[in-house]
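Enquirer: Prediction below, plus the sequence it came from.
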Amino acid sequence: MSAPVSGKVYRGFTAATMVAGNGPYGLVSDAALAVQDGLIAWAGPAPDLPQAYLDWPRQDLGGALVTPALIDCHTHLVFGGDRSNEFAMRLGGASYEEIARSGGGIMSTVAATRAASDDELLQSALRRVDDLMADGVAVIEVKSGYGLTIEHEMRMLRIARKIERHRPVRICTSWLAAHALPPEYTGAADRYIDEVAIAGMEQAHAAGLVDAVDGFCEGIGFNRAQIARLFVKATALGIPVKLHAEQLSDLKGAVLAAEFGALSADHLEYLAEEDVPRLAEAGLVAVMLPGAYYALRETQLPPIEAMRVNGVAMAVATDCNPGSSPLSSLRLAMNMACTLFRLTPEEALAGTTRNAAAALGRSDDCGTIEPGKRADLAVWNVPHPDFLSYWIGGNLLRARIGDGEYHER
Ligand code: NIG
Ligand code: FE
């Protein structure tokens, strides 16, 4: 008698495997998938399913489209309060920078976040996680950056990690104390970098709370020298870095990120075309955040064609935050990436699967449908993967497969 089987076989579906170099979307029609212990054991055309899996329990997916579970690789979804008042102010003509410089913007969310209880922060974050999950998202990056003291920044990351206990998603946490200068440190940005951004990073890292270190390199954020000091320390601790760069102006932040071998540079509307080859050489991922472009009514487009020509991997994320990108639909971000930034629908899906995994340093365990990766998948009621970027709104998700288990949505 053979040993009982812990695995399972899925059949009767089309797979957009998103494996690079395997044709559009890495598409396999009439696909089969064997999962075991939460991992993909085998994936390919059903007629090729090896003998060994033929007597495993099987489930037919009725012709659905299956993609890797989506990955939102850039969010600020733990925060207190909201900034709907600033929406009205911007519509009235105030710029994002003007609002920030007059004490609103990030600082108003800092005040609301510091004032909120742990439970308030967790519950409001879970609502946004639920929105993302409805779009098939199973991996979410969450940044600190609305605490701006060591204690409050660490609290944000602890709450972010707690999300995993309440929802079937994986959370990656980024230390973003270098997001804005709190009033306590007015005129003392260098001291803030030392006393909070760096000292806090060391503590948060020791507490196991930091998957990556991020910063905001901008006139209303921090300069290159300050970010570089933070990155030197992060690198010494073995923590990967990433950067908000060239969102509002060209401070050469992305080039700095490339010099540090960063996982990603994010935003990039003001990235100079001549700097694009540096990003390609460094192999970092360019994270496109069209929700912020849209919400701020930006008109400067990131140099998409130059990135495409130079082979820079592009990811797409929501940037979910209460100010510049009040957006909790990753599919809408994909639609905007196509409509506003002229990504192809295939580039948009690569941007929320394979390239988003790379932006998180998690290419080994998610982002494509391949043996050895986690069996975290999205099962869609759509006829073709183009549909995921094309259709605006609606409930396109039929089910999710998490750790190999099937769950109706
Ligand atoms: O990614 N650019 C800096 N940080 C966020 C905005 C945060 C906010 O406005 O609260 C961003 O756009
Ligand atoms: Fe951001």
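Expert: Thanks, I have it. Ligands and ions are numbered 1, 2, ... in the order given.
Enquirer: Contact partners for the residue nearest in space to the middle of the chain?
Expert: Geometric centre of the chain, nearest residue: Cys73, 1.1 Å, by Cα atoms, centre = their mean. Contact analysis of Cys73 by Cβ atoms under 8 Å, 6 or more residues apart in numbering lists 139, 141, 172, 264, 285, 287, 315, 317, 356-357, 359-360. Placement of C-beta: from N, CA and C, glycine included.
Enquirer: Show me which residues of the stretch 151-300 of the chain sit near ligand 1.
Expert: 216, 244, 247, 292 (Cβ under 6 Å from any ligand atom).
Enquirer: would JSON lines of those residues with neighbour count be doable?
Expert: Below are those laid out as JSON lines (neighbours: other Cβ atoms under 10 Å):
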{"residue": "Phe216", "neighbour count": "23"}
{"residue": "His244", "neighbour count": "32"}
{"residue": "Gln247", "neighbour count": "28"}
{"residue": "Ala292", "neighbour count": "28"}
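Enquirer: Next, the distance between the ends of stretch 67-80.
Expert: 33 Å (Cα to Cα, to the nearest Å).
Enquirer: Is whatever residue of the chain ends up closest to ligand 1 in a helix, a strand, or coil?
Expert: Closest to ligand 1 within the chain is Gly323: 2.6 Å, counting by Cβ to the nearest ligand atom. Assigned with DSSP: H, G, I helix; E, B strand; the rest coil, Gly323 falls in the coil class.
Enquirer: ditto for the one 3 residues further on
Expert: Of the three states, Pro326 takes coil according to three-state DSSP.
Enquirer: how far away is it from Gly221?
Expert: Applying Cβ to Cβ, to the nearest Å, the value for Pro326 to Gly221 is 20 Å.
Enquirer: Also Pro240?
Expert: Applying Cβ to Cβ, the value for Pro240 to Gly221 is 20 Å.
Enquirer: And these two? Which one has more around it.
Expert: Set Pro240 next to Gly221 and count neighbours by other Cβ atoms under 10 Å: Gly221 wins out with 24 against 19.
Enquirer: what's in contact with the strand or helix carrying Tyr10?
Expert: Using DSSP states H and E, Tyr10 sits in strand 8-16. With Cβ under 8 Å, 6+ apart as the test, strand 8-16 has contacts from 25-36, 43, 46, 49, 53, 56-67, 349, 369, 379, 385, 401, 404, 406.
Enquirer: let's see 7 Å
Expert: By Cβ atoms under 7 Å, 6 or more residues apart in numbering, the residues outside strand 8-16 that reach it are 25-29, 31-35, 43, 46, 53, 56-67, 349, 369, 385, 404.
Enquirer: Many thanks, have a good one.
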